[in-house]
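**Q** Here is a sequence with its predicted model. Questions after.
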Amino acid sequence: MDATPPSGRSSVGYRSLTSAGPGDSGECQSPTAAAVSNYGSLESANRVSLVSFSKEEDAVDIGVAGDSSALANRASLTSVGQYLRDQLPKPAARRTDNRPLLSESQASLGAASRVLLGERSGADDGPNSVGGGNGANRDVLGDHVIGDGGCYSRDLASSTGELAGGAYYRRSSCSGGSAYSGRSRAGSARGSVISFRDVGYEVSVKRFPWSRPVRKVVLTDVSGLMRPGLNAIMGPTGCGKTSLLDVLACRKDPRCVTGRVLIDGQSPPDNFKRVSGYVVQDDIVMGTLTVRENLYFSASVRLPGNWTREERMQKVEAVIAELGLAKVADSKIGTELIRGVSGGERKRTNIGMELITDPSVLFLDEPTTGLDAFTAGSVIRTMRSLANRGRTVVFSIHQPKYSIYRLFSYLTLLVNGEVIYHGRAGSAPLKYFKDLGYICDTHNSPPDFFMDMVHGELPAGAAGGQALDQADPLDDEDVEPAVEPDQDAQKDQSNAIAQHLVNEWRRSQLARSIERSVEEICQGAAQINNGGGGSGSVQTRQLSRRAYPTGFGNQLLHVSWRTWLNLFRNPQSSVIQLIVYLFFGLSIGTVFFGLDTSLESGIQNRQGLFFFLTLQMVFVNLSAVEVFIKERAVFIHENSSGFYSVLVYFLAKILCDMLPIKTLPVLLFMPIIYFMAQLRLEAGAFLFYQLNLVLATCAACGVAFFVSASVSVFGIANILISIMYVFMMVFGGFLINIASVGWLSWCRYLSVFYYAYAGLSVNEFSGMRFCPTRPEPNVTRTCKDGSTVLNDQQIPHSTPWNLWSNELGMFCIMLVFLLLCYVQLCRINKYK
Ligand SMILES: Nc1ncnc2c1ncn2[C@@H]1O[C@H](COP(=O)(O)OP(=O)(O)OP(=O)(O)O)[C@@H](O)[C@H]1O
């Protein structure tokens, strides 16, 4: 075939896949890739990879064989001794666990030497090993036999007590050794192997809230392995990429998931979400904080409590260096108002937040979405370098450009929730599809080819087994004429092709081999469980009980610190609130200036003033409904990832948001009104006035917090809080005489307005006397006591309890709604 790129066209990026070579049968394939795509020839793959790749990036064409060869290459470039030293865990400054350091070193040394020597670990595979079993398995997971995969085989066996090196297993497994007890340097994590069998995911969908739920199948019988390296999940939009990623990351509601997911051959521990890294699609770092501050926050709450501040800082610096963020480390991330770091740097900071714990597995949901091509490339290269250091990186991606695709180690292609390919990336899938009669045009990028294929948009011939590269398909005569597509026919065709590809995959040797391997892993897991659990499962149970890496006090300190910093650096809303209070104080003080005790105006003006005061104290809290809605995504992610407990987050909001932000303006500016209006000039009465207003605003804020924690949509929350406040206002006692509403009069006890207004009235009117100052002809008017005014309004006032019961009422409303708010925060669905 003629593999020469057409002149004048950019083909540099495709060169490695388009060159002819041994085993090349016409599709986009390089000699090295072609050699390795023959799954049976593992040794030859190693040999080729060892001599072929001088650049780390090139190694990806052959998947893990490439990874291991890259490691070996590096080793040969430096020196074997140095390489081995690099692979060994560095002695910790102070041990925090009682695991034997020596056995860790021995395990790693063994692993490293096997990589260097190219030893096939099948030789010492245990009965449960991935690489063990029949030849077909060995072919499929041949890549597994070397390096990390080989470690896995030994690790699984070690957990049954057959081999030494259990410490290694515990560290690399998702039971979280690295997260809680390891003090490894950045990048020293060992990737776990995720095996999944017959995974299904179904959701109930309602067209309208009142409709009957309809079951929607999102994933069907998905099986496979995610190994150390860069594991991409690709497919057309809506095919279930994110769903599969979430199922593997244990972030989907288990009630909707069927099948089995194992981490390093064992069931994921309860705290798997906390020991693995998960980077959500939308960036959720605090925009007002710098890159370093965000990372330090993660280090403060996610690293074990016995780490010193210096050690945490070192870890942060290591992550900054690892992700190439040094130049922007002290720049703010950015908000709508603050211009911050670039999109790629923001994404890398998100990744860094997860890398702080050295997770053995890192999940990323569409990490390139919203980024330009260059930035997307730099993010994937960052992920690639993390994978090169031994991590298992699993991510969903839509349709990357070629230069990104060539960095993938493994590829999972989904269509309509089913697998059509799972295995090495590079040229291997092209060969697989070519065998099915779908040929990648020499000008086409593999990701584009996959999408065209599943959508039935391959040019005639390419889907029929004929190579298009006999003639240049971009010659004018060969360019297909633009035809208006028939949407329905196209959809039918694409569904038919998708079904055909799914059937072919199920029938394929590759799929069966992978299934057998996964089956063996599952059986191994069953044996471990039947045998009372290996050391790994014991570790898992212990870590499951220990919910958070740091204590309550430490979490509260750092979450409060971040909340404060956020408020301090984003002062607009608090400053506006202060200005509103100042304006309100001065304007109301001016209007009600120097209230007298005349019968004509003294009573009415005081009642009007108390009405406005109460109104202001309650309705100023309308803005508080956004508190939990705005941070909902951050809270869900951080809480489910084990940053802090719900109680810590809740208390931090009360201590740093509600108390200072709500009470300070009241204490500062409401005395203006008191003294301008010349209310009762007694210290006790003044202090009671302040207390009354503070409690009123806190109770109203409690109601707003409850609504904010219950609803995720700001518009709905706004309507709900308005309705609740208006309901309370109706029973406040100043718009309607409470006694006149009959049996509904009990509703006043649910009203902040009622308590606040009654408290102010009793405080002011008790003991006062209002007398006529302007005589009116033919009318005899007498003075009126304050107690008569209160009696007229059905406000009890005869005992001190009548006064203080209003404060207690507001305190109880605040407490009840805050408790309900806490319950709602706990109830928020933490599954995606
Ligand atoms: N909780 C859910 N409720 C209803 N439908 C859901 C739910 N989760 C997933 N789906 C549906 O399942 C399908 C697959 O969703 P998923 O987000 O996994 O796809 P995707 O391949 O990641 O899509 P995209 O590339 O557009 O992000 C979609 O049609 C989606 O609407």
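**A** Yep, it's here.
**Q** List, one by one, the residues from the protein near the ligand.
**A** Within the chain, the positions lying close to the ligand (CB under 6 Å from any ligand atom) are 203, 205, 216, 218, 235, 237-243, 396, 398. (Each C-beta comes from the backbone N, C-alpha and C, glycine too.)
**Q** 5 Å instead, please
**A** Proximity of the chain to the ligand is confined to V203, V205, V218, T237, G238, C239, G240, K241, T242, S243 under the rule CB under 5 Å from any ligand atom.
**Q** ok, now how distant is the first one from D253?
**A** With the distance defined as CB to CB, to the nearest Å, V203 ends up 9 Å from D253.
**Q** swap in the third one?
**A** Distance check for V218 against D253: by CB to CB, it reads 12 Å.
**Q** So those two - more neighbours on which side?
**A** Looking at V218 and D253 with other CB atoms under 10 Å, you find the greater number of neighbours at V218, namely 20 against 14.
**Q** coming back round to it: buried ones only from the residues of the chain next to the ligand, please, as a PyMOL command.
**A** Those of the residues of the chain next to the ligand that count as buried under 16 or more other CB atoms under 10 Å are selected in PyMOL with:
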select buried, resi 218+239+240+241+242+243
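**Q** quick one: which of the residues of the chain next to the ligand is nearest to I420?
**A** I420 lies nearest to C239 out of the residues of the chain next to the ligand, by CB to CB, at 9.6 Å.
**Q** For the stretch 351-500 of the chain, which segments count as strands?
**A** 361-365, 392-397, 410-415, 418-424 (DSSP state E, counting those that start in this stretch).
**Q** could those strands be laid out in CSV, adding mean pLDDT?
**A** Listed next are the strands of the stretch 351-500 of the chain as CSV, based on pLDDT from 0 to 100:
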stretch, mean pLDDT
strand 361-365, 93
strand 392-397, 95
strand 410-415, 95
strand 418-424, 94
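**Q** right, and those - which one's nearest E807?
**A** Using CB to CB, the strands of the stretch 351-500 of the chain put strand 361-365 closest to E807, at 49.2 Å.
**Q** what's in contact with the helix or strand that contains L556?
**A** Taking DSSP states H and E as the criterion, L556 maps to helix 552-569. The contact list for helix 552-569 (CB atoms under 8 Å, 6 or more residues apart in numbering) reads 286, 288-289, 293, 297, 300-301, 305, 332, 548, 574, 643-645, 647-649, 651-653, 655-657, 661.
**Q** could the strands of the stretch 351-500 of the chain go into TSV alongside mean neighbour count?
**A** Formatted as TSV, the strands of the stretch 351-500 of the chain follow (neighbours: other CB atoms under 10 Å):
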stretch	mean neighbour count
strand 361-365	26
strand 392-397	27
strand 410-415	26
strand 418-424	26
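**Q** Now do the contacts for K401.
**A** Counted by CB under 8 Å, 6+ apart, K401 has contacts A373, A376, G377, S445, P447.
**Q** What ranges in this structure fall below the confidence cut-off?
**A** Within the chain, the stretches with pLDDT under 70 are 1-190, 458-487, 526-546, 832.
**Q** which stretches of it form strands?
**A** 194-205, 214-226, 229-234, 257-263, 277-279, 361-365, 392-397, 410-415, 418-424, 769-770, 784-785 (DSSP state E).
**Q** ok, for whichever residue of the stretch 551-700 of the chain sits closest to the ligand, nearest residue in space, not its chain neighbours?
**A** Distances between the stretch 551-700 of the chain and the ligand by CB to the nearest ligand atom are smallest at I636, namely 14.2 Å. Nearest non-adjacent residue to I636, counting by CB to CB, 6 or more residues apart in numbering: K830, 5.7 Å away.
**Q** pretty sure the one you found is touching S641, no?
**A** No: under the criterion of CB atoms under 8 Å, K830 is not in contact with S641, lying 9.6 Å apart.
**Q** Who has more neighbours out of the two?
**A** More crowded of K830 and S641, by other CB under 10 Å: S641, with 23 against 16.
**Q** quick one, what contacts that one?
**A** S641 neighbours (CB under 8 Å, 6+ apart): K273, R274, Y278, E354.
**Q** which of those residues has the most neighbours?
**A** Most neighbours among the contacts of S641, by other CB under 10 Å: R274, with 26 neighbours.
**Q** ok, for that one, nearest residue in space, not its chain neighbours?
**A** G642 (3.0 Å).
**Q** From V648, how far out is that neighbour?
**A** For G642, the distance to V648 equals 12 Å [CB to CB].
**Q** What separation do you get for L414 and I397?
**A** Note on L414: its distance to I397, by CB to CB, is 12 Å.
**Q** Kindly apply the preceding question to S623 instead.
**A** The value you get for S623 to I397, if CB to CB is used, is 39 Å.
**Q** now swap in V816 and tell me
**A** In this view, V816 and I397 are 48 Å apart by CB to CB.
**Q** where exactly do the helices run in the stretch 701-832 of the chain?
**A** For the stretch 701-832 of the chain, the helices defined by DSSP state H, counting those that start in this stretch cover 714-730, 752-765, 786-792, 800-827.
**Q** Buried deepest among those, which one?
**A** Greatest average neighbour count among the helices of the stretch 701-832 of the chain goes to helix 752-765 (a mean of 26), per mean count of other CB atoms under 10 Å.
**Q** angle of that one against helix 714-730?
**A** Here helix 752-765 runs at an angle of 40 degrees relative to helix 714-730 (axes from the mean of the first three to the mean of the last three CA atoms, to 10 degrees).
**Q** With just CA atoms, put helix 752-765 into PDB.
**A** Coordinates of each C-alpha in helix 752-765 appear next as PDB, following Å, rounded to 0.1, in the frame of the first residue of the first chain:
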ATOM      1  CA  VAL A 752     -40.600  35.000  63.400                       C
ATOM      2  CA  PHE A 753     -42.500  38.200  62.800                       C
ATOM      3  CA  TYR A 754     -44.900  37.600  65.700                       C
ATOM      4  CA  TYR A 755     -42.100  37.000  68.200                       C
ATOM      5  CA  ALA A 756     -39.900  39.800  67.000                       C
ATOM      6  CA  TYR A 757     -42.700  42.300  66.900                       C
ATOM      7  CA  ALA A 758     -44.200  41.200  70.300                       C
ATOM      8  CA  GLY A 759     -40.700  41.400  71.900                       C
ATOM      9  CA  LEU A 760     -40.100  44.900  70.600                       C
ATOM     10  CA  SER A 761     -43.600  46.000  71.600                       C
ATOM     11  CA  VAL A 762     -43.400  44.700  75.200                       C
ATOM     12  CA  ASN A 763     -39.900  46.000  75.600                       C
ATOM     13  CA  GLU A 764     -41.100  49.500  74.600                       C
ATOM     14  CA  PHE A 765     -44.700  49.900  75.600                       C
END
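**Q** tell me the angle it makes with helix 800-827.
**A** 150 degrees.
**Q** which strands and helices sit next to helix 752-765?
**A** Contacts defined by 3 or more CB pairs under 8 Å, 6 or more residues apart in numbering; DSSP states H and E place helix 752-765 against helix 602-619, helix 683-710, helix 714-730, helix 786-792, helix 800-827.
**Q** Could you check how far it is from the centre of its chain?
**A** Computed by CA atoms, centre = their mean, to the nearest Å, the separation of helix 752-765 from the middle of its chain amounts to 46 Å.
**Q** the domain parsing of the chain - what is it?
**A** For the chain, the structural domains run 12-180, 194-471+489-545, 552-827, going by automatic domain parsing.
**Q** residues in contact with the closest residue to G809 other than its chain neighbours?
**A** Leaving aside its chain neighbours, G809 sits nearest to Y755 (4.1 Å; criterion: CB to CB, 6+ apart). Residues in contact with Y755 (CB under 8 Å, 6+ apart) are L695, A696, A699, N806, E807, G809, M810, I813.
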